[in-house]
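Engineer: quick one, structure for this:
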Amino acid sequence: MNGSAYHCPPSRHTRCLGDRFIEGDAPKERTNLEEFPFLVAKAIAAGLIRLPGLGDLLEIKPVEKPIADWRKSSCIKCGEVFVRGHHHIEACAVCRLDERKCAFCQKQFQPTERKQTCCSSVCQEKKISLPKAPTRVLPTHICKACEQPYLGRLSGAGWAKTCSEACANTARSQRYAQMRAARLAVKAKKP
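Structural biologist: Numbers count the residues shown, from 1 in each chain. Model (predicted):
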């Protein structure tokens, strides 16, 4: 290897020029296949390669990354050391989160994380298998244009005021006509 992450042999042109000027007794560079056993031996010694079957005999355990000191913090309430992540948290999960009721069995439990809603994995699986809550019933409204009842539907600002697009166009033209009549009335009053 030449120090980089990938093996980069010298170009063919440079090798040919070097062979012309170097005497025949000079040491030649190893080919890729000759270099391979040495690289594998180095990788095994560094622990980068694990041979199959030897792990059980040598009891090689995977190397865990050490936790940085700045991530470890002691709880201000109970004094226990915990890993806090990137946020500045002063209390451990047990002290920080209040007890809550299990969403399935209704027992009180101490959650270990903020999103935990069930006391155990069994309750979580049972809760998922329950039938979903029924969909909500839509209210009935009266259309502004045709004055017929229709099931409510949401529009940009809230509930739609008309039952269809045709009725919406009719209601819009009626509103514009009222606004025009109001403008004309204001103009007629001016001397």
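
Engineer: for the residue nearest the centre of the chain, give its distance to Val40.
Structural biologist: Centroid check for the chain by Cα atoms, centre = their mean gives Lys115 as the closest residue, at 14.4 Å. Using Cβ to Cβ, to the nearest Å, Lys115 is found at 45 Å from Val40. (Each C-beta comes from the backbone N, C-alpha and C, glycine too.)

Engineer: hang on, the earlier thing: helix, strand or coil for the residue nearest to the centre of the chain?
Structural biologist: coil (DSSP: H, G, I helix; E, B strand; the rest coil).

Engineer: now the one 10 residues further on
Structural biologist: With three-state DSSP as the basis, Glu125 sits in helix.

Engineer: and it, how many neighbours?
Structural biologist: Around Glu125 there are 11 other residues, counting by other Cβ atoms under 10 Å.

Engineer: and for Cys105?
Structural biologist: There are 14 residues near Cys105, going by other Cβ under 10 Å.

Engineer: which non-adjacent residue is nearest it?
Structural biologist: Cys123 (5.5 Å; Cβ to Cβ, 6 or more residues apart in numbering).
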